[in-house]
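Asker: Okay, sequence plus prediction incoming.
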Amino acid sequence: MLHRKSRLSRRAFTVTALSALVGSGGAMAAGPAMAHGANRKRRWVTREMRGVWVATVANRDWPSRPGLPAAEQRAELIAHLDAAARCRLNTVILQVRPTADALWPSPYEPWTQVLTGTQGQDPGWDPLGTAVEEAHARGLQLHAWCNPYRIANHTDLTRLVETHPARRHPDWVVAYGGKLYYNPGLPEVRDFVQRAMLDAVERYPVDAVHFDDYFYPYPVAGQSFDDDEAYDTYGGGFAVRADWRRDNIDKLILEMAAGIRAIRPATQFGISPFGVWRNVSTDPQGSDTQGGVETYDDLYADTRKWVREGWIDYICPQLYWNIGFTVADYAKLLPWWAEVARGSRTQLYVGEALYKAGDPAQSAAWQNPAELSRHLTLAKEYPQARGHVYFAAKDLAADRIGAMARVVADHYGQPAIAPY
């Protein structure tokens, strides 16, 4: 792993390895539950999260390439659902809004280019609608994974389809680090992105809305995120810009939770942040890590507060490191997150780096097919840890060194029903 001054950057943690309102009630506690099989014999099943991410940005997992005929796209999607079912998983987290575009016929944003290769072009079928129907037919939950603020992985507005909201509202856009983002400091942006995402909740019986780790963008050396005008206009109540930025993201989380609950009360809201909230060297409440990125300070996402206050239904921190990794030890981060979740209505699931298993660019620990299984064994010592989610679908299918097969053999002997 690359590092700078003993503090790993987010890119070293994840990206290079890929070359990675308080609501009432809450999730049901994990534990055994009884169900009836087709033969009407009673069988015991486990209530826990067993999930897999299906990333669509840059065609990471699905579709395998843009421009496939609709029938082939559908067949590939079904294959991922079937693979999840074979591995005795119960949840698929499908990226349906990768870059301010949509995998459903949205009235707010264009069709995503990952389907046809051309942004705004109708693919001739409804991927999200199909995913929900086919997942449910297999006993799988379908979580709609959205990225709130990312517009494009380039900085050329003219490359976006002419009707794109970012082209109609260039004042909403900030270019940073070679990408385009909506400005989280503008109330009209926050309102728009919520309406765009909630449209999926209105149209489809998705089991959850899921955000990943991108809020304010990851820091890029030598660059600043230009939100001066927005801060001058809306940041008057904050002496420190960082506090204002965190408040902007807090508002997004609270308002999105309320919006989901108003439309579909049974639909959950979950977030999978980068695994380091703050290092203990920065904050005595932080984890015993040396992360070069801290979500509180760098992404302006106070993920610990969202859990402690019960603003979200579940949190799934990306603990993408092996047991014993000096800079960010899985065996230290897991108990830290378990303690954060203790007593909260927010359920804790653990994000697992299946993509690292057998990758020759990774350390020796990741060449051991038992590494991931060891994670699940350790997690059994912490009752707050209610399951695991694997990144990602392509790696589930390939299972290069049999790491997932080992997990299934060691831990998934019983079927699993929905975690809530």
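Answerer: Received the coordinates, thanks.

Asker: what about the strands in the stretch 51-200 of the chain?
Answerer: Per DSSP state E, counting those that start in this stretch, the stretch 51-200 of the chain carries strands over the ranges 91-97, 141-146, 150-152, 173-176, 179-182.

Asker: Buried deepest among the ones you listed, which one?
Answerer: For those, the largest average neighbour count (mean count of other CB atoms under 10 Å) is found in strand 91-97, namely a mean of 27. C-betas here are computed from N, CA, C, even on glycine.

Asker: Now do that strand: which elements does it pack against?
Answerer: Counting contacts by 3 or more CB pairs under 8 Å, 6 or more residues apart in numbering; DSSP states H and E, strand 91-97 packs against strand 49-54, helix 70-86, helix 127-137, strand 141-146, helix 187-203.

Asker: residues near the nearest residue to V193 once chain neighbours are set aside, how many?
Answerer: Once flanking residues are discounted, V193 sits nearest to P148: 5.1 Å by CB to CB, 6 or more residues apart in numbering. For P148, the neighbour count with other CB atoms under 10 Å is 23.

Asker: In this structure P148 contacts R195, no?
Answerer: No - here P148 does not reach R195: they are 11.9 Å apart, not a contact under CB atoms under 8 Å.

Asker: quick revisit: wait, which of the strands of the stretch 51-200 of the chain is closest to Y320?
Answerer: For these, distance to Y320 was read as CB to CB. The smallest value, 15.4 Å, belongs to strand 91-97.

Asker: How far off centre is stretch 367-378?
Answerer: Here stretch 367-378 is found 22 Å from its chain centre; the criterion is CA atoms, centre = their mean, to the nearest Å.

Asker: Pull out the buried positions in it.
Answerer: Judged by neighbour count using 16 or more other CB atoms under 10 Å, the buried positions of stretch 367-378 are Q367, N368, P369, A370, E371, L372, S373, R374, H375, L376, L378.

Asker: Ok, stretch 78-90 next?
Answerer: Along stretch 78-90, these residues count as buried under the neighbour rule (16+ other CB under 10 Å): I78, H80, L81, A83, A84, A85, C87, R88, L89, N90.

Asker: cool, stretch 151-165 as well?
Answerer: Of the residues in stretch 151-165, those buried under the neighbour-count criterion (16+ other CB under 10 Å) are I151, A152, L160, V161, H164, P165.

Asker: Nearest to I312 among these?
Answerer: Each of those was checked against I312 using CB to CB; the closest is I151, at 24.1 Å.

Asker: my read: the closest one touches A175, true?
Answerer: No - contact between I151 and A175 fails when scored by CB under 8 Å: they sit 9.4 Å apart.

Asker: Find the residues that touch each one of those two.
Answerer: Between them, I151 and A175 share these contacting residues under CB atoms under 8 Å, 6 or more residues apart in numbering: Y181.

Asker: Excluding chain neighbours, what is closest to the residue most central in space within the chain?
Answerer: The C-alpha lying nearest the average C-alpha coordinate of the chain belongs to D212 (CA atoms, centre = their mean; 3.0 Å). Nearest-residue entry for D212: S272, 5.3 Å, with adjacent residues in sequence omitted and distances by CB to CB, 6+ apart.
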